[in-house]
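>>> Whatever this is, show me its structure:
(chains A and B)
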Amino acid sequence: MTNDPRFLIRCGSITALLVAWELAARLNLATSFHLPALSRVLQRLWTNALTGDLEIALLETLGRTLCGFGLAAGLGVVVGILMVRIRFAGWWFEPLVSLGLPLPKIAFLPLFVLWFGVYEESKILMIAFSAVFPVIVGASAGAENVERHLVWSARSLGVAPGKILWDVVLPAALPQIFTGLQIALPTALIVSVVCEMALGGLGLGATVVGSMRMMDSVGSFAGLIAIAVLGSAMIKLMEQMRRRLLVWHPESHR
Amino acid sequence: MKGPGRAVAATLWRYMPVVLLCCAWEVASRSGLISSDTLPTPSAVAQAWLGLLRSGDLVSNGTASLIVLSEGLLLSVTVGIALGVAMARIPLVEDILGPLVKTLYPIPKSALIPIMIIWFGLGATSKVASIFLGCLLPIVTSTFYGVKGVERTLIWSARALGAKPASVTWGVLLPAAMADILAGIRNAIAIGFILLVSSELLIGQTGIGFLISFLGEAGSYAGMLAAILTISAAGFFADRAFVLLSRRVLVWRG
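Prediction:
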């Protein structure tokens, strides 16, 4: 297997990029401010990890992102399902959601600061506001597509309406709900990084901008790598969770 | 029975919740239920908007934003489609770029803004570069999957009829993959708006994002809200216009 040239090229391209980065910096193809050597950036990450600064920033960003995302997920699923199950809710929320979905919601950040201050509340609410729309759309699309005969059979078997919602509609809508959540989580991280960059604090976004202002580009690149790793880990975890939670669903047996 | 009056009435009924919310907003801030310092009335916002329009601030900053956004998007669309087609058609390119795209895709796009500032300084170039890099990968991946999904028989028949590789790409691959490519571009437009506003909030100098933070810091909240609603409306209508355009382009598929 390992002699397969395609496999070797695939492994090689990332390594080649990293080596090219290091070489370009060592050969002074760019100033060390514009392109600090990869080894120095990794070293900085390691020192920050030893002093605990990296962990603090990472947890700060992670916590904020998950808080906002959790709010958006809970609210979005409820609203999305209500929109399908209750006619009035559908009429009320449909135009608001179709207006809200394509908006560049980050523009509201100064307004959120005015309303909720420069601390946690405004950041978390901003994240939730940005992430909630894809969840609503996913949940309502999922609830819309629940096969009617599933609901009918449950009803004819005498299941109470509340139980139908919980035991039939919610599981049947889960794949599309998850798709919405899988769009919402990266959005939440993007927005929380922007909030930290604009408003400061202890998170990774603030570290990157703080280092930039101090002309410490090694710090900025180290922060970028930390954010990138966090983003990849979150996306991988969501995929794993989807596979676990939807084991019973036909999509996992393809 | 389907007169234009009926369509207008239907649209009005559909968007009634938005109208009702605006009325509630006006009443709430007039009656002092919410302090008009933190939430200016819609009429005050409309007045501030007209003021910004007359003073030329809205037009000059709006043009600056528009130029930055269209430069970034055009760049990412051309490069993205070219890379996506190359990856789908040439195995070596796929082997080299595939792993890189996969690794870099989950990086939260906003984290690149400070790095772009380090590279290109505080100016329009950094904004364009952030938008270009942020929008590039979604277009590359959607083009890649679109072209990969083109039925082989289409390509074979074109070749059998004597079409050259270039005309296979232009005449067969791109039209057949157009739906996926357009979906990728729609996604990119939304990301582009987010990055535009974020980078303008962070870099300042010009643009609607700059106007928003400038007016906010000056305490002119009605003006700030007017600017926020302007860029929101731009994002919304850009999305709608693109959807209509896509339908036009794809009309031949039925």
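
>>> Please count neighbours and contacts with C-alpha atoms only from this point.
Noted.

>>> Can you show me the strands along the stretch 1-150 of chain A?
Applying DSSP state E, counting those that start in this stretch to the stretch 1-150 of chain A gives no strands.

>>> For the closest residue to chain B within chain A, which non-adjacent residue is spatially closest?
With Cα to the nearest Cα as the measure, residue A:228 is the residue of chain A nearest to chain B, at 4.4 Å. Leaving out its chain neighbours, the residue that sits closest to residue A:228 by Cα to Cα, 6 or more residues apart in numbering or on different chains is residue B:107, at 4.4 Å.

>>> For residue A:20, list the residues it contacts.
The contact partners of residue A:20, taken as Cα atoms under 8 Å, 6 or more residues apart in numbering or on different chains, number zero.

>>> So for stretch A:147-157, what gets flagged as buried?
For stretch A:147-157, burial by neighbour count (16 or more other Cα atoms under 10 Å in any protein chain shown) applies to A:151, A:154.

>>> typed the wrong thing, it's stretch B:207-219
The neighbour-count check on stretch B:207-219 (16+ other Cα under 10 Å) flags B:207-216 as buried.

>>> go on, stretch A:8-22?
Neighbour-count burial for stretch A:8-22, counted by 16+ other Cα under 10 Å, picks out A:9-10, A:13-14, A:21-22.

>>> Now render the buried residues of stretch B:207-219 as TSV, adding pLDDT.
Formatted as TSV, the buried residues of stretch B:207-219 follow (pLDDT from 0 to 100):
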residue	pLDDT
B:207	91
B:208	92
B:209	92
B:210	93
B:211	93
B:212	93
B:213	91
B:214	92
B:215	91
B:216	88
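
>>> So what's the residue count around the residue of chain B found nearest chain A?
Residue of chain B nearest chain A, by Cα to the nearest Cα: residue B:107 (4.4 Å). By other Cα atoms under 10 Å in any protein chain shown, 23 other residues sit near residue B:107.

>>> go on, residue B:34?
16.

>>> Looking at it now. What's its pLDDT?
Residue B:34 carries a pLDDT value of 74.

>>> Also the one 5 residues further on?
You'll see residue B:39 listed with a pLDDT of 82.

>>> Show me which positions of the helix or strand where residue B:74 lies end up buried.
Residue B:74 belongs to helix B:57-89 when assigned by DSSP states H and E. Buried residues in helix B:57-89, counted by 16+ other Cα under 10 Å: B:57-58, B:61-62, B:65-66, B:68-73, B:75-77, B:79-81, B:83-89.

>>> so what's the backbone phi/psi at residue A:103?
phi -70, psi 140 (degrees, to the nearest 10).

>>> Could you verify my assumption that it touches residue B:229?
No - between residue A:103 and residue B:229 there is no contact under Cα atoms under 8 Å: 9.5 Å.

>>> more neighbours, these two?
Just comparing residue A:103 and residue B:229: by other Cα under 10 Å the higher neighbour count belongs to residue A:103, 25 against 18.

>>> which stretches of chain B form helices?
Applying DSSP state H to chain B gives helices spanning B:4-14, B:16-30, B:42-55, B:57-89, B:91-104, B:112-120, B:124-148, B:152-160, B:165-168, B:174-203, B:208-217, B:221-249.

>>> Also chain A?
Assigned by DSSP H, chain A shows helices spanning A:5-26, A:38-51, A:53-85, A:87-100, A:109-116, A:120-144, A:148-156, A:161-164, A:170-199, A:204-213, A:217-245.

>>> Out of these, which is closest to residue B:175?
Closest approach to residue B:175 among the helices of chain A (Cα to Cα): helix A:170-199, 27.5 Å.

>>> Show me which positions of that closest one end up buried.
Buried residues in helix A:170-199, counted by 16+ other Cα under 10 Å: A:170-199.

>>> still on that earlier bit, can you put the helices of chain A in JSON lines and add mean pLDDT?
Shown next, in JSON lines, are those (pLDDT from 0 to 100):
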{"stretch": "helix A:5-26", "mean pLDDT": "84"}
{"stretch": "helix A:38-51", "mean pLDDT": "92"}
{"stretch": "helix A:53-85", "mean pLDDT": "94"}
{"stretch": "helix A:87-100", "mean pLDDT": "90"}
{"stretch": "helix A:109-116", "mean pLDDT": "90"}
{"stretch": "helix A:120-144", "mean pLDDT": "93"}
{"stretch": "helix A:148-156", "mean pLDDT": "84"}
{"stretch": "helix A:161-164", "mean pLDDT": "82"}
{"stretch": "helix A:170-199", "mean pLDDT": "92"}
{"stretch": "helix A:204-213", "mean pLDDT": "90"}
{"stretch": "helix A:217-245", "mean pLDDT": "91"}
